[in-house]
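Enquirer: Dropping a prediction and its sequence here:
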Amino acid sequence: MDIVSFGKTGLKVSRICFGTMTIGSSQWKPWVLDETEARPILKKCLELGINFFDTANWYSLGESERIVASTLISMVPRDQLVLATKAYYPMHDDPNSRGLSRKHLLESIDSSLKRMQTDYIDLFLIHAFDTQTPVEETMETLNDIVRSGKVRYLGASTMFAWQFEQMNHVARLNGWTQFVNMQCQYNLLYREEEREMIPYCRHQDIAITAFSPLARGWLSGSKKVRSEKDVSFITFHGDTLDLEIIAKVEEIADGHKATMAEIALAWVYSKKAICCPIIGASSLSQLATNVESINFKLTADEIQILDALYRPRDVINDYVPEPLPRYLKGA
């Protein structure tokens, strides 16, 4: 496993980040692995050289954080791990248990540290942009959390590029800690971040981590429970263009006697702008395939063919106003 620099920081991470939304409690989502099933997968991640793990307080409402951290720390020294978690989404019904207010962020970091049984988080991300909280309040609070020693680096996810720059601009003006990471959705079916977010991050030398590189299973030909039960799977993908791209992925895979997942992941790995793709897995065999894909090289012609199929589409984030995206309208 290659080790790479995390943007302009001195932090070193594995070329692949393991995403753990699929670990926690099957009562939260039917496709989530419980602790007994998750343990061998996390162990195998370490054996494959992965040191970078991404979770969030919202995943299984804290169970993902607890299981992932306790399992990994029981296997290797804490300082050999790069653990990331997030805050923003509601943890329960209380109106203050959400967003990026000072109250919620301070409560979130303390609760995450308690669940993860660690003194610090390597990378603390805001899971989305909060239109209800002043940017100054959020950035000052995040700076205080870093200065307290509870967090080493800051990251963000799921927002427009102008929102991300606004937050970093406020931090620069006040001498506060800036974001060094943007975690965005990026795959063959969704490339809207190529317009503004990726160029901005490259200009600022901000590490880009890409979640959903297989478009929640569409690019792997998945017919498992997540494709049947995950609202995001059903909502965001599956139009005519998606099916055309998927068919081409399958055609190239057949030509290489490879899996569709290998082709789709190899395409993401070929993009130099992406510091670390975030992969997931619900089995040891799936994990092995996803990791081995880093060594699979598409030809320049194959990359060009796949690139050429894409067309602009609706933005997927929390801030798209009505009318609903075409995916929700059945277009």
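Expert: Looks like it arrived, so ask away. Numbering: from 1, shown residues only.
Enquirer: Tell me which residue of this protein is furthest from the middle?
Expert: Most distant residue from the mean C-alpha position of the chain: G255, 30.0 Å away (C-alpha atoms, centre = their mean).
Enquirer: Make sure it is indeed in a helix.
Expert: Yes: counting by DSSP: H, G, I helix; E, B strand; the rest coil, G255 is found in a helix.
Enquirer: can you offset everything so residue one is 299?
Expert: Done: numbering now begins at 299, and the last item shifts to G553.
Enquirer: how near is it to K546?
Expert: 11 Å (C-beta to C-beta, to the nearest Å). For the C-beta atoms, the positions are set from N, CA and C on the backbone; glycine is no exception.
Enquirer: Any chance you could list what contacts the strand or helix carrying A454?
Expert: Using DSSP states H and E, A454 sits within strand 449-455. For strand 449-455, contacts defined as C-beta atoms under 8 Å, 6 or more residues apart in numbering pick out 304, 307, 309, 382, 384, 407, 418-427, 440, 443-444, 462, 465, 475-482, 505, 507, 509.
Enquirer: what do you get if the cut-off is 6 Å, keeping everything else the same?
Expert: Strand 449-455 is contacted by residues 419-425, 440, 443, 462, 475, 477-481 when judged by C-beta atoms under 6 Å, 6 or more residues apart in numbering.
Enquirer: What is the nearest of the residues you listed to G536?
Expert: Nearest to G536 out of these is Q481 (C-beta to C-beta; 23.8 Å).
Enquirer: SS state for that closest one?
Expert: From three-state DSSP, the assignment for Q481 is strand.
Enquirer: For it, which non-adjacent residue is spatially closest?
Expert: Counting by C-beta to C-beta, 6 or more residues apart in numbering, S455 is the residue found nearest to Q481 once chain neighbours are left out, at 4.0 Å.
Enquirer: hang on, the earlier thing: what is the distance between the strand holding A454 and the centre of its chain?
Expert: 13 Å (C-alpha atoms, centre = their mean, to the nearest Å).
Enquirer: could I have the next helix or strand after it exported to CSV, CA atoms only?
Expert: Next along the chain after strand 449-455, taking DSSP H and E as the criterion, comes helix 459-472. The C-alpha coordinates for helix 459-472 follow below in CSV (Å, rounded to 0.1, in the frame of the first residue of the first chain):
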residue,chain,number,x,y,z
ALA,A,459,-17.1,25.4,-3.5
TRP,A,460,-18.1,29.0,-2.6
GLN,A,461,-19.3,27.8,0.8
PHE,A,462,-16.1,25.9,1.4
GLU,A,463,-14.0,29.0,0.4
GLN,A,464,-16.1,31.3,2.5
MET,A,465,-15.4,29.2,5.6
ASN,A,466,-11.6,29.0,4.9
HIS,A,467,-11.6,32.8,4.1
VAL,A,468,-13.1,33.6,7.5
ALA,A,469,-10.5,31.3,9.2
ARG,A,470,-7.7,33.1,7.3
LEU,A,471,-8.9,36.5,8.3
ASN,A,472,-9.0,35.6,12.0
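Enquirer: Residues in contact with helix 459-472: which ones?
Expert: The list of residues contacting helix 459-472 from outside it, by C-beta under 6 Å, 6+ apart, reads 427, 433-434, 437, 454, 476-477, 494-495, 498.
Enquirer: repeat that with 8 Å
Expert: 427, 433-434, 436-438, 441, 454, 474-477, 480, 494-495, 498, 502, 617.
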